[in-house]
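1. need the 3D shape of this:
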Amino acid sequence: MKESIVQQKSFQFSLKIISLYKELLKENEYIVSKQLLRSGT
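-> Below is the predicted model:
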């Protein structure tokens, strides 16, 4: 069964959010990064 475009794009978006979360943790932005991770995934 072929995956939908929406599913592919939302998965890619989630991966980008997770990488941004990791970058924010390096900058000690804990509160913002946790909120971004929860809302983006």
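2. helix, strand, or coil at the residue nearest in space to the middle of the chain?
-> Central residue of the chain (Cα atoms, centre = their mean): Ile17, 1.9 Å from the mean position. Put simply, Ile17 is helix when judged by DSSP: H, G, I helix; E, B strand; the rest coil.
3. so where do the helices sit in this structure?
-> Applying DSSP state H to the chain gives helices spanning 5-26, 30-40.
4. mean pLDDT for these: which is lowest?
-> Mean pLDDT across the helices of the chain is lowest at helix 30-40; the value there is a mean of 86.
5. report the buried residues of stretch 25-33.
-> Within stretch 25-33, the residues that qualify as buried are Ser33, counting by 16 or more other Cβ atoms under 10 Å. Yep, even glycine has a C-beta here, placed from its N, CA and C like the rest.
6. hmm, who's touching that stretch?
-> Residues outside stretch 25-33 that contact it (Cβ atoms under 8 Å, 6 or more residues apart in numbering) are Tyr21, Leu24.
7. go with 10 Å
-> Stretch 25-33 is contacted by residues Leu20, Tyr21, Lys22, Glu23, Leu24, Lys34, Gln35, Leu36, Leu37 when judged by Cβ atoms under 10 Å, 6 or more residues apart in numbering.
8. repeat for stretch 9-23
-> By Cβ under 10 Å, 6+ apart, stretch 9-23 touches 3-4, 29, 32-41.
9. among these, name the buried ones.
-> For these, buried by 16+ other Cβ under 10 Å: Ser33, Leu36, Leu37.
10. want to throw the residues you listed into JSON lines with distance to Phe11?
-> Below are these laid out as JSON lines (distance: Cβ to Cβ, whole Å):
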{"residue": "Ser33", "distance to Phe11": "20"}
{"residue": "Leu36", "distance to Phe11": "17"}
{"residue": "Leu37", "distance to Phe11": "15"}
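11. show me what contacts Glu3?
-> Going by Cβ under 10 Å, 6+ apart, the list of residues near Glu3 reads Phe11.
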